[in-house]
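J.: Structure, please.
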Amino acid sequence: MDAAELAGVTADKVVDARGTACPGPLLEAKKAMGSVPVGKVVEVRSNDAGSRKDLVVWSGKVGHEYLGMLEADGYDRHMILRKK
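T.: From the prediction side, this is the model:
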């Protein structure tokens, strides 16, 4: 998904994990995924550089789809689609 398409995605749940270090954003993502139905999107906001890799790997490992990341003002917006 390119940046323009990703910018048009509306998250069903937003998790603000800014200010938390690894593994905080990943743990917040796991918790959020358990609270949304299959087919919904979770946005994880993080300013932890490790999240750029961790969330991609975790999403694939557990069967969700990592849609991509948008850079915001001082943080990243990671979009993940719950697949199962």
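
J.: C-alpha only now, for contacts and for neighbours.
T.: Fine.

J.: Make sure Gly63 is actually in contact with Lys83.
T.: Yes - counting by CA atoms under 8 Å, Gly63 touches Lys83, with 6.3 Å between them.

J.: Tell me which of the two has more neighbours.
T.: More crowded of Gly63 and Lys83, by other CA atoms under 10 Å: Lys83, with 15 against 12.

J.: got the contact list for that one?
T.: If you count contacts by CA atoms under 8 Å, 6 or more residues apart in numbering, Lys83 has them with Val38, Gly39, Gly63, His64, Glu65.

J.: Just put these in TSV and tack on distance to Lys13.
T.: Output for the contacts of Lys83, formatted as TSV (distance: CA to CA, whole Å):
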residue	distance to Lys13
Val38	12
Gly39	12
Gly63	18
His64	15
Glu65	15
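
J.: out of these, which are buried?
T.: His64, Glu65 (16 or more other CA atoms under 10 Å).

J.: If we only consider the contacts of Lys83, which is nearest to Val9?
T.: Closest approach to Val9 among these (CA to CA): Gly39, at 12.6 Å.

J.: Tell me the secondary structure of the closest one, please.
T.: coil (DSSP: H, G, I helix; E, B strand; the rest coil).

J.: so where do the helices sit in the protein?
T.: With DSSP state H, the ranges of helices along the chain come out as 3-7, 24-33, 51-62.

J.: Could you name the helices and strands sitting against the helix or strand bottoming out on mean pLDDT in the chain?
T.: Lowest by mean pLDDT, DSSP states H and E among the helices and strands of the chain is helix 3-7, with a mean of 89. Helices and strands touching helix 3-7, by 3 or more CA pairs under 8 Å, 6 or more residues apart in numbering; DSSP states H and E, are strand 65-71.

J.: Check the nearest residue to Ala11 once chain neighbours are set aside and give its pLDDT.
T.: What sits nearest to Ala11 in space, not counting adjacent residues and going by CA to CA, 6 or more residues apart in numbering, is Val41, at 4.9 Å. Looking at Val41, its pLDDT stands at 98.
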